[in-house]
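[1] No letters, just coordinates:
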Ligand code: MRU
């Protein structure tokens, strides 16, 4: 079973996007073959594909699929279709900035290409757009690997790390972000344990992270979200590493709901808390995390997990899918360029100024 390929493009300009259907894991390992935009929209919305970088790369390939429709008379008509479908895909989920980053990148590329290739054919344009989507995918793979290499040092020898949600291969085009840190530390021969929060309500930790780490042969212990504090109090956790969905200019970082609680617990117990994320997860247009839009999801995810009713009919429910960790509680943000220690506005800006 290849755990390292959450998504891949099959074929050339008339190809399809193959996605691991993450809704069915860990019981079933099957793929979806996406060949139209409504199916891709649905796959993103229902978390068949999820995790910030994986959503972004999938959306980039989606714009190749958008150009597969018949009747695109010339490259200007094709560009208009691409722009319309990008606007539609952008409404699938609001929090992970990688979605908007990838859509904007392909759109800007496409607009420049059309400007510079007056008279070119639609197939040539489609080929160029596929090339850009492939570039985004390849870069994500490299970024994941580098994040792991930079981050492996924060994994304590003979210690234990906690992670929340899934920031693994399933969440990216490569080997993940937070889990890449563990994969690289494991590859280096370090001995350590990972505690994986189950991550209510959709159990990405239990279903996906535990599955990935088990396949990698990493010593993994699954816990319910409400157990982390008690383990910390007992001195059983030495560091926390999670992914992120959007990081503001001051280092505040949005991630799966429950991450904020973990960060507060870690601060209370003086345990270093790290975020691992590629530069495509930064949204430097937002001064602080207070500006990050938080997705509110269907109440049935809480009242009817697995379609079985767990709560009284008609009960009011709150189901924010993400929360925001204060930069002040982050020991470091691990990117493909290195680690931003004790992030704040100046250090984040300096990191990007030094690394382009
Ligand atoms: O709702 P999800 O499963 O898409 O949420 C995913 C997360 O919160 C991940 O931690 C984040 O996207 C980082 S993935 C490298």
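    Received, thanks. As the structure is a computational prediction, the values presented were derived from the model and not from experiment.

[2] helices and strands around the longest helix along the chain, which ones?
    Longest helix in the chain by number of residues (criterion: DSSP state H): helix 122-151. Counting contacts by 3 or more CB pairs under 8 Å, 6 or more residues apart in numbering; DSSP states H and E, helix 122-151 packs against strand 7-10, helix 52-66, helix 75-89, helix 97-116, helix 178-187, strand 273-276, strand 332-335, strand 338-341. Backbone N, C-alpha and C define where each C-beta goes, glycine included.

[3] and the first helix or strand past it going along the chain with helix 178-187, angle?
    Downstream of helix 122-151, the next assigned helix or strand under DSSP states H and E is strand 159-163. With axes from the mean of the first three to the mean of the last three CA atoms, to 10 degrees applied, the angle from strand 159-163 to helix 178-187 works out at 160 degrees.

[4] Does strand 159-163 pack against any helices or strands, and if so which?
    Secondary-structure packing of strand 159-163 (3+ CB pairs under 8 Å, 6+ apart): helix 178-187, strand 192-197, helix 228-233, strand 239-242.

[5] The ligand contacts on the protein?
    Proximity of the chain to the ligand, by CB under 6 Å from any ligand atom, involves residues 47, 50-53, 96, 165, 167, 171-172, 176-177, 204, 242-245, 255-256, 321.

[6] Show me the shaky parts of this structure.
    1-4 (pLDDT under 70).

[7] Now do the contacts for the spatially most central residue of it.
    Taking CA atoms, centre = their mean, the centroid of the chain lies closest to residue 52, which sits 2.4 Å from it. The neighbours of residue 52, taking CB atoms under 8 Å, 6 or more residues apart in numbering as the test, are 96, 97, 98, 99, 171, 243, 244, 245, 246, 277, 281.

[8] how about 10 Å then?
    Applying CB atoms under 10 Å, 6 or more residues apart in numbering, we find residue 52 in contact with 93, 95-99, 101-102, 167, 171-172, 177, 243-246, 254-255, 277-278, 280-281.

[9] so what's the one residue in the chain that gets nearest to the ligand up against?
    Residue nearest to the ligand within the chain: residue 243 (2.7 Å; CB to the nearest ligand atom). Going by CB under 10 Å, 6+ apart, residue 243 touches 51-53, 96, 147, 163-168, 171-172, 176-181, 253, 255-256, 259, 275-278, 281.

[10] Next, count neighbours for the closest residue to residue 62 other than its chain neighbours.
    Of all residues not flanking residue 62 in the chain, residue 40 sits nearest, at 4.6 Å (CB to CB, 6 or more residues apart in numbering). By other CB atoms under 10 Å, 27 other residues sit near residue 40.

[11] same deal with residue 316?
    Applying other CB under 10 Å, we find 5 residues neighbouring residue 316.

[12] Surely it is in a helix?
    No. Counting by DSSP: H, G, I helix; E, B strand; the rest coil, residue 316 falls outside a helix, being coil.

[13] residues contacting the closest residue to residue 272 other than its chain neighbours?
    Spatial nearest neighbour of residue 272, excluding adjacent residues (CB to CB, 6+ apart): residue 331 at 3.7 Å. Residue 331 sits next to 154, 239-241, 266-267, 271-275, 339, 341-343 when contact means CB under 10 Å, 6+ apart.

[14] Among the residues you listed, list the two that are farthest apart in space.
    Spatial extent of those (CB to CB) is set by the pair 267 and 339 at 18.3 Å.

[15] rewinding a little: could you report the separation of the residue nearest to the centre of the chain from residue 332?
    Separation of residue 52 from residue 332 (CB to CB, to the nearest Å): 19 Å.

[16] again, but for residue 41
    Plainly put, residue 41 is 35 Å away from residue 332 if you go by CB to CB.

[17] Tell me which of the two has more neighbours.
    residue 332 (22 against 19).

[18] Name the residues linked to the more buried one by a beta bridge.
    Beta-bridge pairing for residue 332 (DSSP bridges): residue 274, residue 341.

[19] Please name the residues that touch it.
    150-151, 154, 241, 251, 272-276, 338-343, 347.

[20] Quick one: buried ones out of these?
    Among these, the ones that count as buried by 16 or more other CB atoms under 10 Å are 150-151, 154, 241, 251, 272-276, 338-340, 343, 347.

[21] Max pairwise distance over the residues you listed: which two?
    Largest pairwise distance in those, by CB to CB, is 18.7 Å, between 241 and 347.
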